[in-house]
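Engineer: what follows is a predicted protein model with its sequence.
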Amino acid sequence: MGLQLGAQVQQEGLVVLTDRGHYISGETIRYRAFYRRPAASSEKEWSRILYVELILPNGEPLSQSKVIIDGGEGTGSLSIPGEVSSGTYYLKAYTRWMRNCGPEGYVFTSLSIYNPFSEMVLPVDSAVWEPRSMGQLLKRDKTPSSEILECRLEKVSYMTREEVEADIEWKSADAPLDLSVSVARKGVHGNQQFYNPGCPADIARRTEILPENQGLSLTGQAVSSSNGKPAPYATIYVSVLGDERDFFCNYSDSAGRFYFSFPDYKGERELFVSAYHEEINDLELLIDRDFSQDALELPSYPVNLNDSLSEIITEMSVNAQVSQQYYPKVVQAPDIQSAGDMMFYGSPISTIHFDDFIRLPTLEEYFIEVVPQVSVRKTRGVKRLVLLGRHPDLAIYPPLLMIDGVAIFDVEAILAVSPRLIDRVEIVNAPYIRGNVTFGGIISLISKNNDLGYIDLPSSGLLVKYQMLDVPGADTIQNGVTDPRLPDVRNTLYWNPGLELLPDIKKVITFRTSDMKGDYEILFRGTDSTGSFFEKRVSFSVE
């Protein structure tokens with residue numbers, strides 16, 4: 001049942017902050033999101049997944065990421081392509097729940113990006129949306145005074161590669177403070193603009209997209225390919241292929257819609273999605289897009305640099321090129337636990353290795369002769385496999401028939417597989433529940449080469465490369481360069497997306513200056529426990 005679209009959609013507050021406001025093409029953007037769930041959700045989970053994209057002003061995506069919202073925050077990074085034109089770009093941030101409203105409900109943070117190797121600039125266009133204050137985005141107009149936060153430095157001027165120690169104390173007794181902290185050259189934090197027009201009041205349609213309160217989701221609809229009508233109560237199967245194998249199963253609802261929630265997988269995963277319906281043979285699966293593709297008309301400002309900023313951007317450009325030469329980005333591979341020989345159902349009740357027996361010509365004969373738990377039966381000319389055991393439910397529910405973790409509905413297709421391609425069959429002759437589907441046990445074939453035995457897969461099946469949670473790139477010089485023979489030319493000296501301050505309890509942050517002399521600033525931005533936004537800047541110089 002849908003929920004009425006209205007104030008609830010508006011009640012998600014969101015601000016996305018970055019380590020800087022000015023970047024060079026090829027650099028990495030580090031971001032922190034401050035999120036407020038709807039008040040109506042009370043203490044219950046609402047949106048747990050944040051979608052963040054680097055986009056052109058017209059909405060075209062250049063880089064995309066998905067991160068967990070945990071405790072009202074989400075952190076991540078995005079890589080800037082090296083071939084972009086100079087101009088105004090945006091981070092587009094939203095949850096799935098916000099998509100019920102459309103792009104008017106998203107949050108956009110402006111960035112200035114410069115490409116030193118290209119004279120191309122983005123077209124200049126006038127703004128159609130007015131910028132909003134961070135307090136408005138978080139649904140809180142109150143702004144605490146910057147004097148409530150004390151930041152004490154040992155001195156105002158430091159040498160290159162010298163350690164800076166900042167003593168920080170939050171003086172408000174009313175609410176704790178949650179901050180992001182960035183240290184960079186003065187001026188490069190930039191005058192960023194934030195946009196969120198708000199959901200139009202005249203939208204009367206009902207919501208179709210549910211909040212992701214369990215984790216990253218895959219949604220879609222099962223329909224009949226011949227007439228496009230929904231396929232209600234179809235059985236939907238999702239197999240996670242590769243080393244980290246898994247399996248999910250659920251029924252579609254009365255409108256053919258289905259919903260799957262995944263564990264905290266990272267990186268790109270290959271999924272095989274298929275469906276079965278007793279009465280509809282021409283099933284087609286329509287998978288919803290995970291990222292929105294709305295056309296936008298965000299403002300694109302001209303690239304106008306004053307003398308001081310032009311000098312800093314030139315320095316940043318040289319720094320970025322030197323860093324890319326000496327300290328190339330390291331793309332971390334997702335931490336995938338190899339499934340080994342273990343399938344999602346754990347240890348089977350029985351395992352039969354085909355090579356332990358004399359070679360038989362067909363798979364059917366193996367089931368008849370050497371797999372006592374499986375019976376091959378024929379009803380009205382159609383063969384089926386039945387698991388035998390003590391549980392009476394085995395006679396009520398059909399078994400889950402699989403090969404290499406992929407569900408197969410056609411018994412004849414399974415029996416046609418050459419037994420020479422099969423290593424073993426694993427049997428679970430007890431009722432098995434996955435999602436809201438009950439199976440009369442499991443018959444799981446494992447091929448020798450993980451090639452599905454060259455079986456004809458279900459016609460409804462789709463092979464989907466699905467982007468799971470973000471795998472951030474490792475910054476090889478985030479904390480400074482220790483080798484004196486190598487240059488330290490970081491454009492961001494320090495980035496801490498999550499610094500929590502309790503009233504009257506001091507904390508200390510430390511970082512090292514780089515080889516670049518000039519004026520710098522520490523930028524504190526965040527929210528207190530009431531949702532009020534806070535900002536403070538502290539300056540120092542490097543001689």
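Structural biologist: Noted; the coordinates are in hand.

Engineer: could you pull out the strands in the stretch 401-543 of the chain for me?
Structural biologist: Listed in chain order, the strands of the stretch 401-543 of the chain (DSSP state E, counting those that start in this stretch) span 406-407, 422-428, 432-434, 437-439, 442-447, 462-467, 492-501, 507-512, 518-528, 533-542.

Engineer: cool, and the stretch 151-300 of the chain?
Structural biologist: In the stretch 151-300 of the chain, the strands defined using DSSP E, counting those that start in this stretch lie at 157-158, 163-170, 177-185, 194-195, 217-224, 235-240, 246-251, 257-261, 268-276, 283-287.

Engineer: compare those strands and report which one is nearest to Ser133.
Structural biologist: Taking Cβ to Cβ as the criterion, strand 194-195 is the member of the strands of the stretch 151-300 of the chain that comes nearest to Ser133, at 7.4 Å. Every residue, glycine included, has its C-beta placed from N, CA and C.

Engineer: mean confidence (pLDDT) on that closest one, please.
Structural biologist: For strand 194-195, mean pLDDT rounds to 92.

Engineer: contacts only, for the residue most central in space within the chain.
Structural biologist: Centroid-nearest residue in the chain: Lys66, 2.0 Å away (criterion: Cα atoms, centre = their mean). Neighbouring residues of Lys66 by Cβ atoms under 8 Å, 6 or more residues apart in numbering: 49-52, 216, 290, 467-470.

Engineer: mind doing that once more with 10 Å?
Structural biologist: Contact analysis of Lys66 by Cβ atoms under 10 Å, 6 or more residues apart in numbering lists 49-53, 74, 76, 212, 216, 266, 290-291, 467-470.

Engineer: by mean pLDDT, point me to the weakest helix or strand of the chain.
Structural biologist: Within the chain, no helix or strand scores below helix 7-10, which has a mean of 44 by mean pLDDT, DSSP states H and E.

Engineer: from the contacts of Lys66, pick the one nearest Lys506.
Structural biologist: Taking Cβ to Cβ as the measure, Lys506 lies nearest Gly74 of those, at 27.3 Å.

Engineer: counting contacts, what elements does the helix or strand harbouring that closest one pack onto?
Structural biologist: Assigned by DSSP states H and E, Gly74 belongs to strand 73-79. Contacts defined by 3 or more Cβ pairs under 10 Å, 6 or more residues apart in numbering; DSSP states H and E place strand 73-79 against strand 13-18, strand 28-36, strand 49-55, strand 61-68, strand 177-185, strand 492-501.

Engineer: roughly how far apart are Thr160 and Pro487?
Structural biologist: 11 Å (Cβ to Cβ, to the nearest Å).

Engineer: overlap in contacts of the two?
Structural biologist: Joint contacts of Thr160 and Pro487 (Cβ under 10 Å, 6+ apart) are 514-516.

Engineer: just put these in CSV and tack on neighbour count.
Structural biologist: Listed next are the shared contacts of Thr160 and Pro487 as CSV, based on neighbours: other Cβ atoms under 10 Å:
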residue, neighbour count
Ser514, 23
Asp515, 16
Met516, 20
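
Engineer: for Thr351, state which of those is nearest.
Structural biologist: Nearest to Thr351 among those: Ser514, at 59.4 Å, using Cβ to Cβ.

Engineer: what residues does that closest one make contact with?
Structural biologist: 160-161, 185, 319, 477, 480-481, 487-493, 520, 542.

Engineer: just Arg377 next, same as before
Structural biologist: 383-386, 411.

Engineer: tell me the bridge partners for the residue nearest to the centre of the chain.
Structural biologist: Counting by DSSP bridges, Lys66 is bridged to Tyr51.

Engineer: okay, it: pLDDT?
Structural biologist: 97.

Engineer: related to what we said a few turns ago, and the contacts of Arg377, which of them are buried?
Structural biologist: Among the contacts of Arg377, those scoring as buried are 385-386, 411 (criterion: 16 or more other Cβ atoms under 10 Å).

Engineer: hang on, the earlier thing: now do the residue nearest to the centre of the chain against Asp488, distance only.
Structural biologist: In terms of Cβ to Cβ, Lys66 sits 33 Å off from Asp488.

Engineer: same question, Leu56
Structural biologist: To Asp488, Leu56 is 33 Å away according to Cβ to Cβ.

Engineer: who's more crowded, the two?
Structural biologist: More crowded of Leu56 and Asp488, by other Cβ atoms under 10 Å: Asp488, with 23 against 19.

Engineer: could you chop the chain up by domain?
Structural biologist: 7-201+293-334+471-542, 350-457 (automatic domain parsing).

Engineer: among those domains, which is nearest Ala231?
Structural biologist: Short answer: domain 350-457, nearest of those by Cβ to Cβ, at 14.0 Å.

Engineer: so Arg185 bridges to which residues?
Structural biologist: Bridge pairing for Arg185 - DSSP bridges - gives Tyr520.

Engineer: kindly report the same for Thr88.
Structural biologist: Going by DSSP bridges, Thr88 forms beta bridges with Ser112.

Engineer: check contacts around it.
Structural biologist: 56-57, 110-113, 121-122, 124-125, 193, 298-303.

Engineer: next: Leu401.
Structural biologist: Taking Cβ under 10 Å, 6+ apart, one finds 384-385, 407-411, 413-414, 439, 441-445 in contact with Leu401.

Engineer: hmm, try it at 8 Å
Structural biologist: Counting by Cβ under 8 Å, 6+ apart, Leu401 touches 385, 407-409, 411, 414, 443.

Engineer: now these as JSON lines including pLDDT?
Structural biologist: JSON lines is the format used below for those (pLDDT from 0 to 100):
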{"residue": "Leu385", "pLDDT": "92"}
{"residue": "Ala407", "pLDDT": "95"}
{"residue": "Ile408", "pLDDT": "94"}
{"residue": "Phe409", "pLDDT": "91"}
{"residue": "Val411", "pLDDT": "93"}
{"residue": "Ile414", "pLDDT": "92"}
{"residue": "Ile443", "pLDDT": "96"}
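
Engineer: so of these, which ones are in helices?
Structural biologist: Those of the contacts of Leu401 mapping onto helices are 411, 414, per DSSP state H.

Engineer: wait, which of the contacts of Leu401 is closest to Asp307?
Structural biologist: Ala407 (66.0 Å).

Engineer: just give the closest residue to the closest one, not the sequence neighbours.
Structural biologist: Tyr237 (4.1 Å; Cβ to Cβ, 6 or more residues apart in numbering).

Engineer: does Gln325 count as helix, strand or coil?
Structural biologist: Three-state assignment for Gln325 (DSSP: H, G, I helix; E, B strand; the rest coil): helix.

Engineer: burial of it, as a residue count?
Structural biologist: Burial of Gln325 is recorded as 9 neighbouring residues (other Cβ under 10 Å).

Engineer: ok, Pro497 next?
Structural biologist: Around Pro497 there are 22 other residues, counting by other Cβ under 10 Å.

Engineer: tell me if I'm right that it and Arg32 touch.
Structural biologist: Yes - contact criterion Cβ atoms under 8 Å: Pro497 and Arg32 qualify, at 3.9 Å.

Engineer: which residues sit in contact with Arg37?
Structural biologist: 11-12, 45-47, 72.

Engineer: quick one on the thing from earlier: who wins for neighbours among the contacts of Leu401?
Structural biologist: Counting by other Cβ under 10 Å, top hit in the contacts of Leu401: Ile443 with 27 neighbours.

Engineer: what bridges to it?
Structural biologist: Leu401, Ile427.

Engineer: now do it against Leu363, distance only.
Structural biologist: Relative to Leu363, and taking Cβ to Cβ, Ile443 is found at 11 Å.

Engineer: same thing with Ser292?
Structural biologist: In terms of Cβ to Cβ, Ser292 sits 46 Å off from Leu363.

Engineer: name the residues contacting each of Pro497 and Arg32.
Structural biologist: 73, 75, 180.

Engineer: show me what contacts the first one?
Structural biologist: It stands for Glu73. Counting by Cβ under 8 Å, 6+ apart, Glu73 has contacts 32-35, 178, 497-498.

Engineer: follow-up on the earlier one: dump the domains of the chain to a markdown table, plus distance to Gly220.
Structural biologist: Formatted as a markdown table, the domains of the chain follow (distance: least, Cβ to Cβ, whole Å):
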| stretch | distance to Gly220 |
| --- | --- |
| domain 7-201+293-334+471-542 | 13 |
| domain 350-457 | 15 |
